[in-house]
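[1] let me see the structure of the following:
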Amino acid sequence: MKEVIRIHQGDNVAVALRDFLAQENLMVDGKEISLKEEVKRGHKIALTPISPGGNIIKYGFPIGHATYSISPGEWVHTHNAKTNLNDVNEYKFHQKLAVPKQKKQSLTFKGYRRKNGDVGIRNELWIVPTVGCVNGIAEQIIKQFQKEIGDLSPFEHVTVLKHNYGCSQLGDDHRNTRTMLTRMVQHPNAGGVLVLGLGCENNSLTEFKQALGTIDESRVKFLQSQDVEDEIEAGVALLKEIYDAAKDDKREDVDISRLKVGLKCGGSDGLSGITANPLLGKFSDWLIAQGGTTVLTEVPEMFGAETLLMERAVDEETFNKIVDLVNDFKTYFLNHNQPVYENPSPGNKAGGITTLEDKSLGCTQKAGTAPVVDVLKYGGSLQINGLNLLSAPGNDLVASTALAASGCHIVLFTTGRGTPFGTFVPTMKISTNTALYNKKPHWIDFNGGVLVEGDTEEDTLESFIEYMIRVSSGELVNNEKNDFREMAIFKTGVTL
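    Below you'll find the predicted structure:
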């Protein structure tokens with residue numbers, strides 16, 4: 001098993017695959033290097049002399065420059081490296097599309113077909129509050145409903161999508177809340193939804209219904225708590241109506257092309273761009289070759305790698321959308337007097353990620369090599385099969401919620417340090433290293449760390465595809481087993 005990895009032949013740093021002590025000797029591409037100091041797993045080791053101002057190369061691209069002279073065998077990190085990035089840029093369209101390598105396969109999963117033609121991978125019953133004031137009422141309604149019904153089949157889970165929004169919001173915040181909540185009501189993983197309002201919130205039930213448009217009235221019900229004498233009794237009665245409409249729901253074979261998958265990472269480390277993220281990139285290319293859809297978000301974690309995505313735009317119109325996606329987010333930072341390149345986080349740095357370019361070049365590998373076919377605004381819903389980009393920040397909860405709201409059936413979440421959370425759709429955790437997988441089996445669902453332990457890309461991808469089909473057919477991931485289901489909506493303005 002390798003002890004270090006030089007990702008690209010042009011790199012002047014290698015990544016440690018284990019902890020090293022000072023004075024240890026290691027071989028990289030036939031050359032012996034003596035370490036000047038301790039280097040932790042996931043961190044970088046200089047392979048050649050790097051002069052002050054000289055570029056530090058990883059993934060075949062600069063990830064920043066040296067602030068001091070660096071000798072072979074030295075640890076390369078935030079103490080002697082700095083980003084090369086600046087603020088809003090101008091870009092030109094230079095298309096470089098890759099030749100697809102994945103082949104079409106005849107595979108299916110067991111899903112739920114909806115009346116409007118959508119497909120779900122779960123059949124859940126949700127209460128969606130229009131305002132956070134009724135979260136407690138919603139929980140009481142569900143508790144009483146479960147008590148009276150007993151066996152909830154065919155619903156696989158009954159829950160409240162709790163949040164703290166819906167009142168005292170203005171402008172974009174108000175619109176974002178209403179948009180995201182309507183997307184949840186429309187999500188195909190829901191076999192039924194009760195929309196629960198209070199009656200005095202600015203996210204009014206009347207406007208909410210108008211924003212929803214056409215719905216299956218047997219599966220979506222509405223209740224305004226201030227309008228009834230006993231809101232618990234009224235809510236339970238409506239859930240029973242939904243239950244009666246859904247009692248014959250069954251899974252059936254669905255072509256894999258109907259699957260829509262969100263791509264996300266968090267708590268990243270120096271192995272993220274070597275193991276788990278490239279695995280998702282291979283899977284993304286494979287799913288798109290089957291006619292399916294993947295979505296990449298975390299726009300601030302595209303900074304420094306954005307031109308690689310722009311080169312993959314399917315046409316100039318899509319290229320211009322990517323430019324706007326990136327520069328709009330940079331402008332958002334600058335308008336709030338915040339540095340554009342404050343990333344990476346303390347946890348990222350502890351894991352070996354030094355600059356935003358370092359993080360972004362690893363992060364964007366989740367998107368594989370397929371062309372970018374569309375770019376969605378925050379709160380937008382998927383319209384075109386293939387690789388989509390979505391406007392949302394890097395924050396785990398906000399970005400994962402946005403992916404789910406766009407129509408993704410599942411969020412694939414790579415992590416090197418671990419996180420237990422899940423959003424309102426299955427949130428599968430893929431570890432970048434085996435140590436994390438072994439330490440947190442109740443958090444982590446799939447181990448990407450095997451890719452630096454001798455397992456081939458082909459075998460690991462095949463195992464991952466098989467697991468994905470099982471999960472899409474009903475096998476629970478850890479956030480579902482633990483009942484960790486959270487959501488967060490992007491907030492930019494004032495609260496009254």
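[2] in contact with the closest residue to residue 409 other than its chain neighbours, which residues?
    Using Cβ to Cβ, 6 or more residues apart in numbering and skipping residues adjacent in sequence, the residue nearest residue 409 is residue 121, 4.5 Å away. (C-beta placed from N, C-alpha, C; glycine too.) By Cβ atoms under 8 Å, 6 or more residues apart in numbering, the residues touching residue 121 are 109, 111-112, 189, 259, 409-410, 426, 471-474.
[3] selection in PyMOL covering whichever of those are buried, please.
    In PyMOL syntax, the buried subset of the contacts of residue 121 is picked out as below (16 or more other Cβ atoms under 10 Å):
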select buried, resi 109+111+112+189+259+409+410+426+471+472
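[4] which ones among the contacts of residue 121 are found in strands?
    When DSSP state E defines the strands, the subset of the contacts of residue 121 inside them is 109, 111-112, 410.
[5] mind putting those residues in a markdown table, pLDDT and distance to residue 384 included?
    Formatted as a markdown table, the ones in strands among the contacts of residue 121 follow (pLDDT from 0 to 100; distance: Cβ to Cβ, whole Å):
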| residue | pLDDT | distance to residue 384 |
| --- | --- | --- |
| 109 | 98 | 21 |
| 111 | 98 | 20 |
| 112 | 98 | 23 |
| 410 | 98 | 19 |
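[6] closest to residue 40 out of those?
    residue 410 (32.3 Å; Cβ to Cβ).
[7] tell me the contacts of that closest one?
    Residue 410 neighbours (Cβ under 8 Å, 6+ apart): 121, 259, 261-262, 425-428, 468, 471-472.
[8] could you redo the last one with a cut-off of 7 Å?
    121, 261, 425-426, 428, 471 (Cβ atoms under 7 Å, 6 or more residues apart in numbering).
[9] and the ones in strands among the contacts of residue 121, which two are the farthest apart?
    Across the ones in strands among the contacts of residue 121, the longest distance by Cβ to Cβ is 13.9 Å; it joins 112 and 410.
[10] could you measure from the residue nearest to residue 118 when sequence neighbours are not counted over to residue 122?
    Computed as Cβ to Cβ, 6+ apart, the closest residue to residue 118 that is not its neighbour in sequence is residue 188, at 3.9 Å. Residue 188 sits 9 Å away from residue 122, going by Cβ to Cβ, to the nearest Å.
[11] which SS state does residue 33 fall under?
    Assigned by DSSP: H, G, I helix; E, B strand; the rest coil, the conformation of residue 33 is strand.
[12] isn't it right up against residue 20?
    No: applying Cβ atoms under 7 Å as the test, residue 33 and residue 20 come out as separate, 10.4 Å apart.
[13] residue ranges in this protein under the pLDDT threshold?
    Scanning the chain for pLDDT under 70 picks out the ranges 342-343.
[14] which one in the protein is furthest away from the centre?
    Distance to the chain centre peaks in the chain at residue 229, reaching 41.9 Å (criterion: Cα atoms, centre = their mean).
[15] skipping adjacent residues, who's closest to residue 442 in space?
    Of all residues not flanking residue 442 in the chain, residue 478 sits nearest, at 6.0 Å (Cβ to Cβ, 6+ apart).
[16] what number of residues lie near that neighbour?
    19 (other Cβ atoms under 10 Å).
[17] give me the residues contacting stretch 350-359.
    With Cβ under 7 Å, 6+ apart as the criterion, stretch 350-359 contacts 40, 42-44, 58, 62-64, 76-78, 81, 83-85, 268-270, 301, 303-304, 341, 343-344, 348, 416-417.
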